[in-house]
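Colleague: no sequence for this one, just the structure:
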């Protein structure tokens, strides 16, 4: 039987995991069995650059945290060596994109499932999430779409004003 101090520590870890899940825009669970230390270090460095927190956590503690948050569909997936990636609020696509790219190159990394904005997703959902453009690209597209009508309006006004100026000059030339 575990001591009271160990139980308290595990309860705190479960609370920390729950907080990370709730504060992340997306969460991706992967299996990493068979990856070399070099491959894992390179993956961690790439995830860190994007602001993604990548942790190897005890399956039992992750299972308890997920169950307490109402995600029971992950129970069967939490077998063997797993890691959890927590995307920052600023970029929900980051973890999925990096992990999918790495999994396509390294068959030892296995995508399992994820959570996006409080909704559980399967492997296909993680792949779809990875195929979305980043937040910066989406913002740029929206700004471009918003700017297009304004640019067109300015062109129309310039054309009308330019035509008016030409007509007025012609009238002035005729009168002289």
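Modeller: Sure thing, it's come through. In this text the structure is predicted, and so the values were computed from the model without any measurement.

Colleague: nearest residue to residue 48 other than its sequence neighbours?
Modeller: Leaving aside its chain neighbours, residue 48 sits nearest to residue 54 (7.6 Å; criterion: Cβ to Cβ, 6 or more residues apart in numbering). Placement of C-beta: from N, CA and C, glycine included.

Colleague: buried residues, the one helix or strand the one you found maps to. List them.
Modeller: Assigning secondary structure by DSSP states H and E places residue 54 in strand 53-55. Within strand 53-55, the residues scored as buried using 16 or more other Cβ atoms under 10 Å are 53, 54.

Colleague: how far off centre is the following helix or strand past it?
Modeller: Heading C-terminal from strand 53-55, the first helix or strand you meet, by DSSP H and E, is helix 59-68. Distance, stretch centre to chain centre, for helix 59-68: 22 Å (Cα atoms, centre = their mean, to the nearest Å).

Colleague: what is helix 59-68 packed up against?
Modeller: With contacts defined as 3 or more Cβ pairs under 8 Å, 6 or more residues apart in numbering; DSSP states H and E, helix 59-68 has these neighbours: helix 4-23, strand 82-87.

Colleague: switch the cut-off to 6 Å
Modeller: helix 4-23 (3 or more Cβ pairs under 6 Å, 6 or more residues apart in numbering; DSSP states H and E).

Colleague: the helix it packs on vs helix 59-68, what angle?
Modeller: 60 degrees (axes from the mean of the first three to the mean of the last three Cα atoms, to 10 degrees).

Colleague: which is the next helix or strand following helix 4-23?
Modeller: Using DSSP H and E, the helix or strand that directly follows helix 4-23 along the chain is strand 26-31.

Colleague: quick one: list the elements packing against that next one.
Modeller: Against strand 26-31 (3+ Cβ pairs under 6 Å, 6+ apart) you get strand 82-87, helix 94-105, strand 110-116.

Colleague: just the buried positions in the second one, please.
Modeller: Okay, so that is helix 94-105. Buried residues in helix 94-105 (16+ other Cβ under 10 Å): 94, 95, 96, 97, 98, 99, 100, 102, 103.
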